[in-house]
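[1] Okay, here's the prediction I keep looking at, along with the sequence it came from:
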Amino acid sequence: MISRTIATVSLGMALCIQGTSALAQSPSERLDAVFSGFDNTRTAGCAVGITRNGEFLFERSYGMANLEHGVPIDSESVFRIASVSKQFTATAIAILAERGDLDLDADVRTYLPDLTEYVRPVTVRQMIHHISGMGDYGGFEVRPGETFRFGDQDYWTTEQFYAAVATKPLEHEAGAGFKYSNLAYFLLGQVVERVSGKTLREFADAEIFAPAGMSDTLFYDDVREIVPRRALGHTAHEDGSLTIGMTNLDWVGDGGVHTTLADMAKWDRVLASGDFPGGKAFIAKLHTPYVADADLPGGEGAAETGYAFGMNVSRTDEGETLLQHSGGWVGFNAHYARFVERDYGVIALCNRNDGLAFGRYEGLMAAASAFVDAIDEAGE
């Protein structure tokens, strides 16, 4: 078995208090069982962690980061996290708004005047909460009768993609309802760049990742760049085979963050502690979902959403506040969740597109809850 476990003092207490190692290890075994099919040297897999206060209550890695060179996954392996990146783009926007450098309720064309003139203004806030009416990938014509294929089949520079997005009409009127939009988050990244004078990568490095101590995290905006310890993404096929996932596209904002399990544990600590510029009040703003407001452009009649600044906000069946986001692209699959009242995070970073298929995701969340319950009960 190639997985690695970090046992905390709390888990050690659980072993002593409960008296039998079999009983105490049951939640851990449940977590292992979720990813048992990946726990070998012949397949790609996942790095999985349960964190509290920036420390791992549980940390294991299943499968290989690089099958060609026989490199196993560990907590320092670098994964693409796709749409889990959106919280960092939204945080960059929030930082600029907090400083007074931009107005969340301004027409986005204030900052990106070369966007098409929409029938009704689209605000930065609407883009953050996915009520802008902007669409998603697909439908971009690269040649007459041929649409652009995203991934590694066709190629556009960031500037070419921006030009295409800039002329794309809305799919519904701004503020009229929720529609998840990768295009809106790509444009938010462009807003950061126009307002700050830095690339999104440069801004996030200085203002988010460095303060959080996330030294192995970056917006990957140059696909030619070498990233030490990077895992290769894989697409799983029905016959059980894997092929390598690739992209030749550089743009970021809707995705693009590369990070490690260890660094995501540091981010979880920031969100729990508020140990970040602006403190707990700033973090609370990041986790406040959109509420319809008739005084805002497009606010009247708009559907309220459970989407905050790059995070879904909901309540569990037990009434606990749950923050979470998932993502997947070019052979990677990722999920981050924070259970606010019980103060723990669940992180799963996979270098295979089926790493968190529905049944496995449900198993992970249930097993993580049982694991934390066992630790908390032992500590009472």
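    Nice, I can see it.

[2] And the helices in the stretch 101-250 of the chain, which stretches?
    Along the stretch 101-250 of the chain, counting by DSSP state H, counting those that start in this stretch, helices occupy 124-128, 158-166, 182-196, 200-204, 210-212.

[3] where does this protein dip in pLDDT?
    With pLDDT under 70 as the threshold, the chain has low-confidence stretches at 1-25, 292-304, 380.

[4] try 50
    1-25, 294-303 (pLDDT under 50).

[5] Mark out where each domain of it begins and ends.
    1-75+342-348+356-380, 77-334 (automatic domain parsing).

[6] Make JSON lines out of the ones you listed and add mean neighbour count.
    Using the backbone N, CA and C atoms, a C-beta is placed for each residue, glycine as well. Shown next, in JSON lines, are the domains of the chain (neighbours: other Cβ atoms under 10 Å):
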{"stretch": "domain 1-75+342-348+356-380", "mean neighbour count": "18"}
{"stretch": "domain 77-334", "mean neighbour count": "18"}
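
[7] circling back to that earlier point, tabulate the helices of the stretch 101-250 of the chain (CSV), appending distance to Asn353.
    Compiled in CSV, these are given as follows (distance: least, Cβ to Cβ, whole Å):
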stretch, distance to Asn353
helix 124-128, 27
helix 158-166, 22
helix 182-196, 17
helix 200-204, 25
helix 210-212, 28
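
[8] closest one to Gly70 among those helices?
    In terms of Cβ to Cβ, the element of the helices of the stretch 101-250 of the chain nearest to Gly70 is helix 200-204, at 31.0 Å.

[9] what's that closest one in contact with?
    Identification of contacts with helix 200-204 by Cβ atoms under 8 Å, 6 or more residues apart in numbering yields 88-89, 92, 189, 192-193, 196, 218-221, 252-253.

[10] from those residues, which two are the most distant?
    Spanning the widest gap among these are Ser196 and Tyr220, at 18.8 Å by Cβ to Cβ.

[11] Give me the residue at the spatial middle of this protein.
    Geometric centre of the chain, nearest residue: Val84, 1.0 Å, by Cα atoms, centre = their mean.

[12] what sits against it?
    Shown in contact with Val84 (Cβ under 8 Å, 6+ apart): 257, 325-327, 334-336.

[13] likewise Arg269?
    Taking Cβ under 8 Å, 6+ apart, one finds 51, 53-54, 275 in contact with Arg269.

[14] Now render the residues you listed as TSV, adding distance to Ile283.
    Listed next are these as TSV, based on distance: Cβ to Cβ, whole Å:
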residue	distance to Ile283
Thr51	16
Asn53	15
Gly54	14
Asp275	9
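
[15] Tell me where the stretch 51-200 of the chain has strands.
    55-62, 64-66, 71-72, 79-80, 141-143, 146-147 (DSSP state E, counting those that start in this stretch).

[16] Tell me which of those strands lies nearest to Val227.
    strand 79-80 (9.7 Å).
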